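Chemist: no sequence on hand, only this structure:
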């Protein structure tokens, strides 16, 4: 969480002026978002978030992200709404980077989610899937099965420096998924990164969903598997069944899972644990000197993966059937 | 500029609740302030800044800083106003650190100050000195002449790694000031760190002064010397006389300098350049591994010092007499 690009006051004021949101009164770089630089901007009209897209975001993907937020907000989802300039464009250029201004959402990320939060997230995820069902654009999930072997090869034997035997464990797990990844599940736009830092609450009530910069087209149940991984484990990597029950019930209160999705859930949980294990592993082994961001522990997902490898039925995650 | 202490949402909400400023709606860690962690907090009542005082701030000094802000705001200065809890206390404890909530000030720091900005800063500095004249508390300036030799010794011979001959230059300069530092100048509370990042503007108009965590009791003209150093040089370390004229005229429009202050100004400019050279030098040589903050270039102040060494009359800074 860092501000990578420091924008001079005069450039910031000129950029904001293009969007018809009043005169710039204040702009604070905020520690939010791992990939991009974000400013909390105050104008004579209100508060906004200004994002500069940094190197890890492919500019060709930006129209997908921007139009998705517009689409979801238009369907009533509490997510950032991009502000359009006089020519109807959301994207501009600031300090040499693509940049956009979105609405400011109140709420706080929950450090220690309870079952109530998990239920809210499950419900919000299903609402997101429903709201995105008629979104016309698509984006391949670059971090699904075909992306995993290249990541593992990038880590290579160095994986064993993080944990003995990890390189072999990861390769064996990839082979399992390459051979029998669930196909033809119901799908559409998924968030693909709905971790606790990307969900806001005011008290116990979910107030917003942010950070759509991993959103892509994939199976809905895979998105749910990502949330089970990121919300329902305790700090000691034990799975909290009460939270799993709450999340799955929350999801199904809006969008009941089909039989194929239920059958696939254990494999999807394994696969999504592997996906975060792999990206964290590569980041862990490639911390640049002077990095502003501390990498996440890959082994958290190694332990979650081990849990999923012993699961054979979605009821073990708390699914009521 | 970084957030050193990440505060969990529940602790943040409980802390804010003590201050009678409504319910917490949002809290964003902001990239402001080099020494402390700052959050921009939104409650049902408005926006505030929450500061956690990190290790480099001596807790014994906090009542001075807090009461100074209360005093100056009470005299009409545009500076953060500490919020008091039900028992009348501004200081509390959050995540194991002393913490306080102050009012949010609009405005932006100017990256490239013009003469107009310098005039505004000169005037604001004099207003600050006038507003603080009847402030009862005192705090020794630990970074004045007696503090310089220990800093130089801490850097030691390593100074020459930054620039050949720097260790010797610094020691010679310290000896000059130890022998003939201006005494008995008019004084009282000074800001002591009124750099461009600590002054907010909306357009061309100064909207606020922040970061009183170097404030202390010292000569008013020394504070002005710090501002001449930090506002009136160009990026190539040349002195911009037009900016100096504007700053000095702005200051004197509120508080004219006395004869002794005018005579002392060249020495005070030299000394304050040396003070920032020394602290930057020590920070530069002691960047901890994994540091979140990039240290400032000490040689910027080595070059400014060289300029001041050739000045013999305050008119060379733009003083009209």
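Modeler: On my side now, so go ahead. This structure is a prediction, so every number in the text was calculated from the model and none was measured.

Chemist: which residues are contacting stretch A:164-175?
Modeler: Contact partners of stretch A:164-175, identified using C-beta atoms under 8 Å, 6 or more residues apart in numbering or on different chains, comprise A:145, A:148-149, A:152, A:155-160, A:270, A:274, A:277-278, A:281, A:302, A:305. Any C-beta I mention is one placed from the backbone N, CA and C, and that applies to glycine too.

Chemist: kindly supply the ChimeraX command isolating those of the residues you listed that are buried.
Modeler: What follows is the ChimeraX syntax selecting those of the contacts of stretch A:164-175 that are buried according to 16 or more other C-beta atoms under 10 Å in any protein chain shown:
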select /A:148,149,152,155,159,270,274,277,278,281,302,305
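
Chemist: and stretch A:225-234, anywhere near chain B?
Modeler: No: judged by C-beta under 8 Å from any C-beta of the partner chain, stretch A:225-234 stays clear of chain B, getting no closer than 14.6 Å.

Chemist: mind listing what the spatially closest residue to residue A:131 that is not a sequence neighbour touches?
Modeler: Leaving aside its sequence neighbours, residue A:131 sits nearest to residue A:75 (C-beta to C-beta, 6 or more residues apart in numbering or on different chains; 3.7 Å). For residue A:75, the contacting residues are A:130, A:131, A:132, by C-beta under 8 Å, 6+ apart.

Chemist: tell me how far residue A:186 lies from chain B.
Modeler: According to C-beta to the nearest C-beta, to the nearest Å, residue A:186 and chain B sit 34 Å apart.

Chemist: and which of the contacts of residue A:75 is nearest residue B:59?
Modeler: Lowest distance from residue B:59 to the contacts of residue A:75 (C-beta to C-beta) belongs to residue A:131, with 49.7 Å.

Chemist: how far away is the closest one from residue A:72?
Modeler: Here the distance between residue A:131 and residue A:72 works out to 5 Å (C-beta to C-beta, to the nearest Å).

Chemist: which of these two has more neighbours?
Modeler: Using other C-beta atoms under 10 Å in any protein chain shown, the more surrounded residue of residue A:131 and residue A:72 is residue A:72, with 24 against 20.

Chemist: just want the phi and psi numbers for the more buried one.
Modeler: phi -70, psi -40 (degrees, to the nearest 10).

Chemist: pLDDT value on it, please?
Modeler: pLDDT recorded at residue A:72 is 98.

Chemist: how about the residues of chain A by chain B?
Modeler: So chain A meets chain B at A:1-3, A:8-10, A:12-13, A:23-32, A:40, A:42, A:47, A:104-112, A:200-203, A:290, A:292, A:294 (C-beta under 8 Å from any C-beta).

Chemist: so residue A:267 sits against residue A:183, correct?
Modeler: No: using C-beta atoms under 8 Å, residue A:267 is not in contact with residue A:183, being 10.9 Å away.

Chemist: with neighbour numbers in mind, choose between these two.
Modeler: Comparing residue A:267 with residue A:183 by neighbour count (other C-beta under 10 Å), the higher total belongs to residue A:267, at 19 against 8.

Chemist: packing partners for the helix or strand harbouring that one?
Modeler: Using DSSP states H and E, residue A:267 falls within helix A:259-285. Packing partners of helix A:259-285 (3 or more C-beta pairs under 8 Å, 6 or more residues apart in numbering or on different chains; DSSP states H and E): helix A:145-155, helix A:159-162, helix A:166-180, strand A:216-219, helix A:220-231, helix A:299-309.

Chemist: ok, for residue A:208, nearest residue in space, not its chain neighbours?
Modeler: That would be residue A:105: by C-beta to C-beta, 6+ apart, it lies 3.7 Å from residue A:208.

Chemist: nope, residue A:73 is what I meant
Modeler: residue A:81 (4.2 Å).

Chemist: ok, that neighbour touching residue A:67?
Modeler: No: assessed by C-beta under 8 Å, residue A:81 is found out of contact with residue A:67, at 11.6 Å.

Chemist: which of these two has more neighbours?
Modeler: residue A:81 (19 against 15).

Chemist: wait, what's in contact with that one?
Modeler: Taking C-beta under 8 Å, 6+ apart as the criterion, residue A:81 is in contact with A:69, A:70, A:73, A:102, A:103.

Chemist: report the two of these separated the most.
Modeler: A:70 and A:103 (11.0 Å).

Chemist: quick one on the thing from earlier: could you export the helices and strands packed on helix A:259-285 as TSV, including distance to residue A:256?
Modeler: TSV is the format used below for the helices and strands packed on helix A:259-285 (distance: least, C-beta to C-beta, whole Å):
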stretch	distance to residue A:256
helix A:145-155	26
helix A:159-162	39
helix A:166-180	25
strand A:216-219	15
helix A:220-231	11
helix A:299-309	23
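
Chemist: residue A:311 versus residue A:185, what's the distance?
Modeler: 18 Å.
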